[in-house]
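J.: output the structure for:
(one chain, ligands or ions: 1)
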Amino acid sequence: MFLSVDLVPVPAFQTGTYIRRRVHAFSTDIRMTFPFARQFVVLLSPVLAAATACTHPQGVAPNPVATETPAQPARPLNSTEQAIVTAVSSKSGEGLVLLERLVNVNSGTMNFAGVREVGRLLRAEFDALGFETRWVDGAAFGRAGHLIAERTGTGPRILLIGHLDTVFEPSSSFQRFERLSDTTARGPGIIDMKGGNVIMLHALKALGSAGVLGQMSITAVFTGDEEDSGDPLALARAELIAAASRSQFAIGFEDGSGDPRTAVVSRRGSGSWTLKSTGTPAHSSQIFRADIGAGAIFETARVLHQFREQLSGEQFLTFNPGFALGGTDIRMDSTEPGGTAHGKSNIVAKGTHVTGDIRTISPQQLDSVKAKMRAIVARPLPQTRSEITFDDGYPPLAPTEGNRRLLAMYDAASRELGFGSVVAVNPMRAGAADVSFTAAHISSALDGIGLSGWDGHTDKETADLRKFVPQTARAALLLYRLGKGGTASGAR
Ligand SMILES: [Zn+2]
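T.: Predicted coordinates for the structure are as follows:
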């Protein structure tokens with residue numbers, strides 16, 4: 001480690017009010033040494049920029065943030081790349097202010113006004129960067145809608161993916177950005193994925209400052225319903241899929257595994273299945289008789305048991321029956337995922353209804369597992385019948401060569417910045433996400449490069465603010481190199 005920064009902890013919110021540090025006091029709290037690699041001195045400037053920013057649109061000064069300390073870089077950056085990194089650093093205070101502002105707008109998926117407001121704030125930023133922006137209304141699929149921002153240059157078209165919504169609806173008690181320390185902040189959606197949206201935007205701003213954005217061809221798609229997608233799904237993802245079909249690379253800014261030394265080159269898909277069994281109702285004393293058989297509940301138990309016995313050891317596959325009803329009379333609710341059942345212990349069960357999920361690493365695995373499940377279902381116990389139906393939901397993002405090449409470029413950027421190597425995260429740790437919808441159209445995709453932190457989807461969702469500059473810088477370098485045609489891989 002060639003550089004060290006000590007920051008005095010700064011109280012962020014005290015009864016909702018920012019306590020602003022004095023610039024001179026703050027500056028004297030920075031102690032640094034930089035024996036080599038002049039380019040990395042700029043990585044400190046976010047600290048200074050944040051400390052010296054006196055006014056900005058909200059009239060609230062951002063708190064200083066200690067950034068990660070780079071190790072010895074693998075090789076020096078060229079002058080353009082250095083200009084990009086300088087710009088990332090100098091604008092980071094502004095980025096964190098925007099992050100706070102976005103987090104403080106509730107955008108639970110079903111809070112359409114809030115989702116639109118987050119879209120409006122981001123749209124203004126992309127307008128200012130010279131993108132053509134449009135709002136896609138979501139009425140047709142029962143959601144708020146999506147923001148699309150596009151610009152065309154001479155480079156290969158790169159699709160950037162974010163989402164505007166969070167899992168925290170207005171009814172949640174978790175609503176506000178809260179600075180916990182000089183290096184951490186908590187808030188709904190702060191890492192999933194308002195932090196990633198801001199990293200994307202600020203990487204683009206840095207490319208603009210360095211004068212290289214003009215030649216790039218970029219489509220940014222921010223869906224408004226990633227956490228609870230609209231219905232029908234094909235309509236809800238039509239814009240994203242259309243953007244993928246005209247792009248060569250896809251990069252998602254989700255928060256990934258929580259460890260910035262990893263990124264995502266494959267995600268398992270997430271679908272659902274419904275198993276229904278029927279039996280022959282009769283007095284329980286006659287069960288197993290040739291003409292009565294085993295009843296619906298034993299038949300369902302057989303199917304589920306064989307699913308587990310025959311399929312639970314398959315790599316990258318999971319499936320979970322999460323709901324089961326059985327008896328003489330079962331009724332499913334039409335609006336809620338639930339229902340009611342009536343039955344008696346002395347009557348052979350007439351029917352069952354089970355729903356579950358299924359996650360696979362590739363379309364091939366999904367097809368093969370479906371065939372095995374259907375084969376199990378097709379061998380019912382006497383006097384029973386079962387049927388299974390599947391709803392594919394989110395497709396898998398299979399680990400392709402192109403995805404690995406993108407990761408290699410991102411890894412190189414990270415190492416060259418002195419932030420260490422980045423490896424593929426185990427797909428078992430990556431949930432389904434929007435990037436997967438590009439898989440049928442784009443053979444080079446990378447995800448999980450948004451702001452790191454922990455406890456996403458809980459009321460302790462916390463960002464590691466030290467990662468904001470390094471993660472933005474390496475994303476910006478990746479985009480710059482891709483924009484120049486930095487790897488040989490295209491659409492398929
Ligand atoms: Zn997300």
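J.: which parts of the stretch 51-200 of the chain sit against the ion?
T.: 192-193 (C-beta under 5 Å from the ion). Quick note: C-beta positions are derived from backbone N, CA and C, even for glycine.
J.: how about the helices in the stretch 51-200 of the chain?
T.: Here the stretch 51-200 of the chain has its helices, by DSSP state H, counting those that start in this stretch, at 79-90, 92-103, 112-128, 195-209.
J.: in terms of secondary structure, what does the second one contact?
T.: To tie it back to what came earlier, the one meant is helix 92-103. Using 3 or more C-beta pairs under 8 Å, 6 or more residues apart in numbering; DSSP states H and E as the contact criterion, the secondary-structure elements in contact with helix 92-103 are helix 45-52, helix 112-128, helix 195-209, helix 468-483.
J.: what mean pLDDT does that helix get?
T.: Mean pLDDT, computed over helix 92-103, is 96.
J.: just the helices of the stretch 51-200 of the chain: most buried one?
T.: Neighbour counts (mean count of other C-beta atoms under 10 Å) averaged over each of the helices of the stretch 51-200 of the chain peak at helix 195-209, with a mean of 26.
J.: skip ahead from that helix and say which helix or strand is next.
T.: Next along the chain after helix 195-209, taking DSSP states H and E as the criterion, comes strand 217-223.
J.: check contacts around Tyr394.
T.: 229, 269-271, 432-433, 436-437 (C-beta atoms under 8 Å, 6 or more residues apart in numbering).
J.: which regions of the protein lie under the pLDDT threshold?
T.: Counting by pLDDT under 70, the chain has low-confidence residues at 1-74, 486-492.
J.: OK, contacts around Asp192?
T.: Taking C-beta under 8 Å, 6+ apart as the contact definition, Asp192 lies against 166-167, 254-255, 450, 456-457, 461.
J.: now intersect those with the strands, please.
T.: Of the positions in these, not one sits in strands, assigned by DSSP state E.
J.: and the residue of the stretch 251-400 of the chain nearest the ion?
T.: Using C-beta to the ion, the closest approach of the stretch 251-400 of the chain to the ion is made by Glu254 at 4.8 Å.
J.: is that residue in contact with Val264, as I believe?
T.: Yes: judged on C-beta atoms under 8 Å, Glu254 makes contact with Val264 at a distance of 7.4 Å.
J.: tell me, what's touching these two both at once?
T.: Between them, Glu254 and Val264 share the neighbouring residues 433, 435, 447-448, with contact defined by C-beta under 8 Å, 6+ apart.
J.: just the CA trace of stretch 236-246, in CSV.
T.: Once side chains and other backbone atoms are set aside, the C-alpha atoms of stretch 236-246 remain, and they are given as CSV (Å, rounded to 0.1, in the frame of the first residue of the first chain):
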residue,chain,number,x,y,z
ALA,A,236,-42.5,-5.5,-19.5
ARG,A,237,-39.1,-6.4,-20.9
ALA,A,238,-39.8,-5.6,-24.6
GLU,A,239,-37.8,-2.3,-24.5
LEU,A,240,-34.8,-4.0,-22.8
ILE,A,241,-34.8,-6.9,-25.2
ALA,A,242,-35.1,-4.5,-28.2
ALA,A,243,-32.2,-2.5,-26.8
ALA,A,244,-30.2,-5.8,-26.4
SER,A,245,-31.0,-6.8,-30.0
ARG,A,246,-29.2,-3.7,-31.3
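J.: tabulate the contacts of Tyr394 (JSON lines), appending distance to Gly114, neighbour count and secondary structure.
T.: Compiled in JSON lines, these are given as follows (distance: C-beta to C-beta, whole Å; neighbours: other C-beta atoms under 10 Å; DSSP: H, G, I helix; E, B strand; the rest coil):
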{"residue": "Ser229", "distance to Gly114": "17", "neighbour count": "23", "secondary structure": "coil"}
{"residue": "Gly269", "distance to Gly114": "29", "neighbour count": "22", "secondary structure": "strand"}
{"residue": "Ser270", "distance to Gly114": "25", "neighbour count": "19", "secondary structure": "strand"}
{"residue": "Gly271", "distance to Gly114": "29", "neighbour count": "21", "secondary structure": "strand"}
{"residue": "Ala432", "distance to Gly114": "23", "neighbour count": "21", "secondary structure": "coil"}
{"residue": "Ala433", "distance to Gly114": "21", "neighbour count": "24", "secondary structure": "coil"}
{"residue": "Ser436", "distance to Gly114": "25", "neighbour count": "27", "secondary structure": "helix"}
{"residue": "Phe437", "distance to Gly114": "24", "neighbour count": "27", "secondary structure": "helix"}
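J.: mind picking the two most distant members of those residues?
T.: In terms of C-beta to C-beta, the contacts of Tyr394 reach their longest pairwise distance at Gly271 and Ala433, which sit 14.3 Å apart.
J.: that older thread, I'd like the helices and strands packed on helix 92-103 laid out as CSV, including distance to Arg75.
T.: Rendered in CSV, the data for the helices and strands packed on helix 92-103 read as follows (distance: least, C-beta to C-beta, whole Å):
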stretch, distance to Arg75
helix 45-52, 22
helix 112-128, 32
helix 195-209, 20
helix 468-483, 12
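J.: among these, which is nearest Arg359?
T.: Comparing the helices and strands packed on helix 92-103 by their distance to Arg359 (C-beta to C-beta), the top pick is helix 195-209, with 22.2 Å.
J.: so what pairs up with Trp135 in the strands?
T.: Bridge pairing for Trp135 (DSSP bridges) gives the partners Leu147.
J.: oh, that last question was meant for Glu387, not what I typed.
T.: With DSSP bridges applied, Glu387 shows beta-bridge pairing to Lys276.
J.: what do you get for Gly162?
T.: The residues paired with Gly162 through beta bridges, assigned by DSSP bridges, are Phe222.
J.: helix or strand: which one has Trp273?
T.: Taking DSSP H and E as the criterion, the element that holds Trp273 is strand 269-278.
J.: list the buried ones in that strand?
T.: Buried residues in strand 269-278, defined by neighbour count with 16 or more other C-beta atoms under 10 Å: 269-273, 275-278.
J.: same deal with stretch 142-153?
T.: Neighbour-count burial for stretch 142-153, counted by 16+ other C-beta under 10 Å, picks out 142-151.
J.: looking at those residues, which is nearest Ala113?
T.: After measuring the buried residues of stretch 142-153 against Ala113 - C-beta to C-beta - the closest member comes out as Ala144, at 7.9 Å.
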